[in-house]
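compute the structure for the input listed below.
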Amino acid sequence: MSDHAKAAKLTSMEQLLGEEYPALYRFALSIARDQARAEDLTHDTVVRALERKDQFEGDPAKLGAWLRRILHNLAVDGARRAGREVVVDDVEQKWREDDYTVSPESVALRAQDKVELEDALARLPFIFRAVVVLHDVEGWTVREIADLQDIGLPAAKQRLRRGRMALVTALAEGAERRHLVKGVPMHCWDARQHISDYLDGILDSSTVRMVEAHLASCPTCPPLYAALVETHKNMSGLRDPNSVIPPGLERRLRDSFGT
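Next up, the predicted model:
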């Protein structure tokens, strides 16, 4: 392929990516459930697509599906097991036991609260969360999800079933935890997103009061904050007070600035 043809193909791909970007971001947001993460995934997908543009020889109408596959794989690669994630194998074992049940009233109330529902979804391992969201929220068919995840139809159906079970269990466990933190101002994640700024003393006074009220009554956040404080304090010990710029580098710097 000539340089002119390569440049034309790149320009065409850039134009197509620009057209696909809004839908791709919406897809990222639906499965990531986090705006910052969705922005990163969308950006990284576009970069990866440009790097692999020669691999895409299909119909431009199929570009969206190709991009979603790239984004989904990036999301899987970037997913890290969190300590609060439900263990789906354990959940399924609970559902196998005849005496396992939940309070439907508590689960229903929590499911009606968007914040609580998002919190429960966040506790599902990514591949199960993606299936549940794409099917039950976005209206994808199981076949479409199977194609996206490159698995068979039975496996996709199993992930949907197990994901739904895990979501109910997460909602039930969340209702129990919510009882423990009843009356605590702010949700934990809302408070934790402000902790770094609180540590640096750059929060506005009203938010400071809310964070401090949360820390005063939450059973789980104060240890996290204490750990952040201690880690931050000890980071300064990594600074080498005797470090100096090597003479050769200093000369090059002075030459660069004409000093």
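
can you tell me how far residue 219 is from residue 188?
Distance from residue 219 to residue 188, counting by CB to CB, to the nearest Å: 10 Å. No exception for glycine: its C-beta is placed from N, CA and C like everyone else's.

can you check residue 142 too?
34 Å.

re earlier: the more surrounded of residue 219 and residue 188?
Higher neighbour count among residue 219 and residue 188: residue 188, with 17 against 11, using other CB atoms under 10 Å.

pretty sure that one is touching residue 223, no?
No - look at residue 188 against residue 223 with CB atoms under 8 Å: they stay out of range, at 12.0 Å.

the stretch 51-200 of the chain: helices as residue ranges?
63-78, 88-96, 104-111, 114-122, 126-132, 142-149, 153-180, 188-192, 195-200 (DSSP state H, counting those that start in this stretch).

highest average neighbour count across these?
helix 126-132 (a mean of 23; mean count of other CB atoms under 10 Å).

what packs against that helix?
Applying 3 or more CB pairs under 8 Å, 6 or more residues apart in numbering; DSSP states H and E, one finds that helix 126-132 contacts helix 3-32, helix 63-78, helix 114-122, helix 142-149, helix 153-180.

could you rerun that using 7 Å?
If you count contacts as 3 or more CB pairs under 7 Å, 6 or more residues apart in numbering; DSSP states H and E, helix 126-132 packs onto helix 63-78, helix 153-180.

make JSON lines from the ones you listed and add distance to residue 40 and mean pLDDT to it.
Shown next, in JSON lines, are the helices and strands packed on helix 126-132 (distance: least, CB to CB, whole Å; pLDDT from 0 to 100):
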{"stretch": "helix 63-78", "distance to residue 40": "8", "mean pLDDT": "91"}
{"stretch": "helix 153-180", "distance to residue 40": "24", "mean pLDDT": "85"}
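
no more questions from me, cheers.
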